[in-house]
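Participant: Fold the following, please.
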Amino acid sequence: MADIATTAAPSASVTADRAIDCGLRPALCVARDVGGLLRDSGLRPTRQRIALGRLLYAKGDRHVTAEILHEEAMRARVPVSLATVYNTLHQFTEVGLLRELAVDGSKTWFDTNVTEHHHFLVEDDNRLFDIPGSSVSVDRIPEIPEGMEIARVDVVVRLRRKTTV
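Facilitator: Numbering: from 1, shown residues only. This is a model prediction of the structure:
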């Protein structure tokens, strides 16, 4: 069995290098210029990226889908297509500004909290809540195939409301 206790989340270390003023939490950078955060991450600060970044990080740590962010952009009168929102979310993820979460086969979530942590998924409402990384212990996992390394371990605890009997 492989021990994962010493495995760090790659996205967190990448973000620490690029978002120095914010620690590991880009969502705490709202007061800082979003364009500066993008430049520090190696992304060109286009009007659309800046507008979407402001929408993403203005509410602190949160979980969004491309559809949710696109709807928020439309309400804020930010003229972007759904494809642009998808592309921007994936670009932010590639540079460590977001974590991508595939909790089921039909929907991908993006998390502004890039620190090591896990999630509760409320199936009735399709909502995600953070679980601190220290609250979950994974003591043993199967042997890792030769030539591979652990990139990240994600734990999603699925919840539903109790049914009354």
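Participant: Hmm, residue 57 is touching residue 112, no?
Facilitator: Yes: in this structure residue 57 lies within contact range of residue 112 using Cβ atoms under 8 Å: 6.1 Å. Using the backbone N, CA and C atoms, a C-beta is placed for each residue, glycine as well.
Participant: neighbours around residue 50, how many?
Facilitator: Look at residue 50: counted by other Cβ atoms under 10 Å, it has 16 neighbours.
Participant: tell me the contacts of it?
Facilitator: 34, 35, 38 (Cβ atoms under 8 Å, 6 or more residues apart in numbering).
Participant: So in this structure, where's the weakest helix or strand by average pLDDT?
Facilitator: helix 10-18 (a mean of 37; mean pLDDT, DSSP states H and E).
Participant: Next SSE downstream of that one?
Facilitator: helix 34-40 (DSSP states H and E).
Participant: and the helix or strand following that next one, which residues are buried?
Facilitator: Counting by DSSP H and E, the next helix or strand C-terminal to helix 34-40 is helix 47-57. For helix 47-57, the neighbour count (16 or more other Cβ atoms under 10 Å) marks 48, 49, 50, 51, 52, 53, 55, 56, 57 as buried.
Participant: now, among the residues you listed, which is nearest to residue 84?
Facilitator: Taking Cβ to Cβ as the measure, residue 84 lies nearest residue 48 of the buried residues of helix 47-57, at 5.9 Å.
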